[in-house]
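no sequence for this one, just the structure:
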């Protein structure tokens, strides 16, 4: 029952994560241009691909869950959900966090004079 109630909000939250990733990519690209860093910001696009894959699987899985005849029962298995949703989402968010730390860690370590 809870899956029926939360099904519309999952894609919205994943689109918000994709939007935040693209925002960090743009800000990091600009910061990297000023500080002459290597173009690590391209890794954000890899993260977007992982998160978009998780979003697509989430939509397909919920459509299969909400359908009356359940055409592909393997689509609803926990193993398939882990491999096609949780792992890509984990790798995408992990890559986001590592790249944000790479670009923006100086904000945390900057000392006041």
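Great, that's in hand. Quick caveat: nothing in here was measured; it's all calculated off a predicted structure.

OK, contacts around the closest residue to residue 17 other than its chain neighbours?
In space, and not counting its chain neighbours, residue 17 is closest to residue 51: 5.7 Å by Cβ to Cβ, 6 or more residues apart in numbering. C-betas here are computed from N, CA, C, even on glycine. Going by Cβ atoms under 8 Å, 6 or more residues apart in numbering, residue 51 touches 14, 17, 18, 21, 88, 89, 92, 93.

which phi and psi does residue 37 have?
phi -80, psi 160 (degrees, to the nearest 10).

please apply the same query to residue 77.
Note on residue 77: its backbone torsions stand at phi -70, psi 150 [degrees, to the nearest 10].

show me where the chain has strands.
Secondary structure of the chain (DSSP state E): no strands located.

residue closest to the middle of it?
Centroid-nearest residue in the chain: residue 51, 3.4 Å away (criterion: Cα atoms, centre = their mean).

for the lengthiest helix in the chain, what is the average pLDDT?
Looking across the chain with DSSP state H, the single longest helix is helix 9-35. On average, the pLDDT along helix 9-35 is 91.
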